[in-house]
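A.B. asks: show me the folded form of this:
(one chain, ligands or ions: 1)
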Amino acid sequence: MSRVAYVNGAYSPHSQAVVHIEDRGFQFADGVYEVWSVLDGRLADFDGHMTRLNRSLNELKIEIPMTPAALGVVLRETVRRNRVRDGIVYLQVTRGAAARDHAFPTDVAPSVIVTAKRIDLARGEAMAAKGAAGVTRPDIRWGRCDIKTVGLLPNVLAKQAARERGAYECLMYDEMGLVTEGASTNAWIVDREGRLRTRDAQANILRGITREAILKLVAAEGVELDERPFTVEEAKQAREVFVTAASSFVMPLVSLDGVRIGDGKPGPIAARLRQAYLEQARRDAI
Ligand code: PDD
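C.D. replies: Next up is the predicted model:
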């Protein structure tokens, strides 16, 4: 089956879907994006991602291209046309195409693209059951990581560093040695005292929607929470380390820079939170 993409008002074959060479997303990374997980053909955490999208657009003064309801129709139609039952749907909105000039152009319509792809959930489950490897690198990003922009080069380099070492994710750390987040995930540990720790979202990190959903589940799971950053060293000595994102839900890391975490197997808290998150995300997906 051939894939279909939505580009500025029309659906076209994925292989032929194009934007203009002077699209500001292409030339300046002047755009934002969102990723929803698709479970049973429905979108998980729909409102959370939509709210963050509107916030990102507002922060960058990019015109909101459509109402959330209209955008929801396009996202679902793209999922439907690609026959995605389990997978992700990707939305990108840029400031639009205009003659190259750093300052904002006037009278330009934002560009909107949507793609959807299938993901083999069984593969993710198998990885979560075994646990994945992680590496660490300094965080070299800008000061507005709360905006979900397509300017992802530092994240690309971090992820590549992980891949080159056969690892799944790279945790980035600031000048104090405190972990900020993963290249495409938020980072968590269960510390030596058994407290669940994740960096507070007021810091220069992405306010993950999966992170927020999990914070709401934590109390019900009877886990003590401490929204406080942790160092790379603390992570290496933690009982558990895991990362969260729409694309990976809750993924345990069982080693960091080759150092074994705990007993080298996924821990019970990550496993419980993964299950609880998936149950809730499936139930509430729309
Ligand atoms: N990444 N931190 C970063 C830097 C991210 O890129 C992401 C998401 C997250 C987790 O956010 P959420 O729970 O809202 O997915 C944290 C997406 C999945 C991506 O870039 O593909």
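
A.B. asks: for the ligand, what are the nearby residues on the stretch 101-250 of the chain?
C.D. replies: Residues of the stretch 101-250 of the chain lying close to the ligand by C-beta under 6 Å from any ligand atom are 155, 181, 184-186, 206, 208-211, 244-247. Using the backbone N, CA and C atoms, a C-beta is placed for each residue, glycine as well.

A.B. asks: tell me which entries of those residues lie within helices.
C.D. replies: Using DSSP state H, the subset of these located in helices is 155, 209-211.

A.B. asks: save these as a markdown table, and put in neighbour count too.
C.D. replies: Converted to a markdown table, those look like this (neighbours: other C-beta atoms under 10 Å):
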| residue | neighbour count |
| --- | --- |
| 155 | 20 |
| 209 | 26 |
| 210 | 24 |
| 211 | 21 |
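
A.B. asks: same list (the residues you listed) but as CSV, adding pLDDT.
C.D. replies: Compiled in CSV, these are given as follows (pLDDT from 0 to 100):
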residue, pLDDT
155, 98
209, 98
210, 98
211, 98
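
A.B. asks: where does residue 65 sit: helix, strand or coil?
C.D. replies: Following DSSP: H, G, I helix; E, B strand; the rest coil, residue 65 is assigned to coil.

A.B. asks: give me the helices and strands touching the one helix or strand residue 37 maps to, please.
C.D. replies: According to DSSP states H and E, residue 37 maps onto strand 31-39. Judged by 3 or more C-beta pairs under 8 Å, 6 or more residues apart in numbering; DSSP states H and E, strand 31-39 is in contact with helix 46-60, strand 87-94, helix 268-284.

A.B. asks: which one (most neighbours) among the residues of the stretch 101-250 of the chain next to the ligand?
C.D. replies: For those, the largest neighbour count, defined by other C-beta atoms under 10 Å, is 30 neighbours, found at residue 181.

A.B. asks: enumerate every residue touching that one.
C.D. replies: For residue 181, the contact set (C-beta atoms under 8 Å, 6 or more residues apart in numbering) comprises 145, 171-172, 187, 199, 205-206, 208.

A.B. asks: now do residue 123
C.D. replies: Per C-beta under 8 Å, 6+ apart, neighbours of residue 123: none.

A.B. asks: surely it forms part of a helix?
C.D. replies: Yes. Under three-state DSSP, residue 123 falls within a helix.

A.B. asks: rewinding a little: how far away from the center of its chain is the following helix or strand past the strand holding residue 37?
C.D. replies: Sequence order places strand 42-43 as the next helix or strand after strand 31-39, per DSSP H and E. The chain centroid and the centroid of strand 42-43 are separated by 16 Å, computed with C-alpha atoms, centre = their mean, to the nearest Å.

A.B. asks: ok, residues contacting strand 42-43?
C.D. replies: Residues from elsewhere that reach strand 42-43 (C-beta under 8 Å, 6+ apart): 36-37, 49, 72, 75-76, 79, 89, 285-286.

A.B. asks: I'd like the helices and strands packed on strand 31-39 as CSV, with mean pLDDT appended.
C.D. replies: Listed next are the helices and strands packed on strand 31-39 as CSV, based on pLDDT from 0 to 100:
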stretch, mean pLDDT
helix 46-60, 98
strand 87-94, 98
helix 268-284, 97
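
A.B. asks: so how many other residues sit close to residue 278?
C.D. replies: Residue 278: 19 surrounding residues under other C-beta under 10 Å.

A.B. asks: do residue 6 as well
C.D. replies: Residue 6 has 21 nearby residues by other C-beta under 10 Å.
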